[in-house]
Structures are given as C-alpha cells and as structure tokens.
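Trainee: only the shape, not the letters, is given here:
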C-alpha cells in the first residue's frame, strides 16, 4: 500500500494542487523517506507473500528466506557508506540496522 502511495506521488501532488482545499502536504524530504522505506521493506513483503501461500512453513524455509533480506539490508548499508553524495536518511539507516539485527537473531 505504501508503495502504491509513492508510485502515485505526482498524481497526488497534482490533484492536491487542483483542489480549493488547504492540505498539509509532504515535503520533498518526506517523499524521499517514503521511497527509501518502501525499498527497505520490499524484501520483507516478498517473504511474507511467499510464506502466506504455504500451508506449512518448515524451519529450513525460514532460514533460506531470511538470508535474502539480510543480504539485501547489508548491501543497502554498504552502498550507502560508499556513496556519500546520495546518503540515506537517518531514519532509514536506523530501520535497516534494526531489521538486520532482528532478522539475524
């Protein structure tokens, strides 16, 4: 649902601009944060969808499926540390660290 909201960013902005109502709008920084968070949470959405289709989930499946997000989270932090020009929002970095820690545990 959040991804849909981000995908419709331009349409939302245009619609809000056309109405006579006074709306509280997201700043450019908040839109960027929404996009980042959707990217970070995407691997977990994919795991949830994969496991939801199964009647029984075996331990080995959980181990295999959790390695993907851990790898993706590590890669996100690594890329961010190497590319200072386009650094992640601090909230996003904290979320990545927290998700990685909890997933590994």
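Mentor: Structure received. In this text the structure is predicted, and so the values were computed from the model without any measurement.
Trainee: mean confidence for stretch 41-51?
Mentor: Average pLDDT, stretch 41-51: 83.
Trainee: buried stuff in it?
Mentor: Under the neighbour-count criterion of 16 or more other Cβ atoms under 10 Å, stretch 41-51 has 41, 43-44, 47 buried. Placement of C-beta: from N, CA and C, glycine included.
Trainee: flag every buried residue along stretch 58-65.
Mentor: residue 65.
Trainee: meant to ask about stretch 16-29
Mentor: residue 26.
Trainee: for the spatially most distant residue from the centre of the chain, phi and psi?
Mentor: Most distant from the centre of the chain: residue 20, at 32.7 Å, with distances by Cα atoms, centre = their mean. Dihedral angles of residue 20 (phi, psi; degrees, to the nearest 10) stand at phi -90, psi -10.
Trainee: confidence score at it?
Mentor: pLDDT, residue 20: 79.
Trainee: which residues does it contact?
Mentor: Neighbouring residues of residue 20 by Cβ atoms under 8 Å, 6 or more residues apart in numbering: there are none.
Trainee: now residue 30
Mentor: Residue 30 neighbours (Cβ under 8 Å, 6+ apart): none.
Trainee: from residue 37, how far off is it?
Mentor: 10 Å (Cβ to Cβ, to the nearest Å).
Trainee: now swap in residue 96 and tell me
Mentor: From residue 96 across to residue 37, the span is 10 Å (Cβ to Cβ).
Trainee: hmm, who's touching the helix or strand containing residue 64?
Mentor: Using DSSP states H and E, residue 64 sits within helix 59-82. With Cβ under 8 Å, 6+ apart as the contact definition, helix 59-82 has outside contacts at 39-40, 43-44, 46-47, 50-51, 54, 87-88, 93, 96-97, 99-100, 103-104.
Trainee: what is the mean pLDDT for that helix?
Mentor: Mean per-residue pLDDT for helix 59-82: 75.
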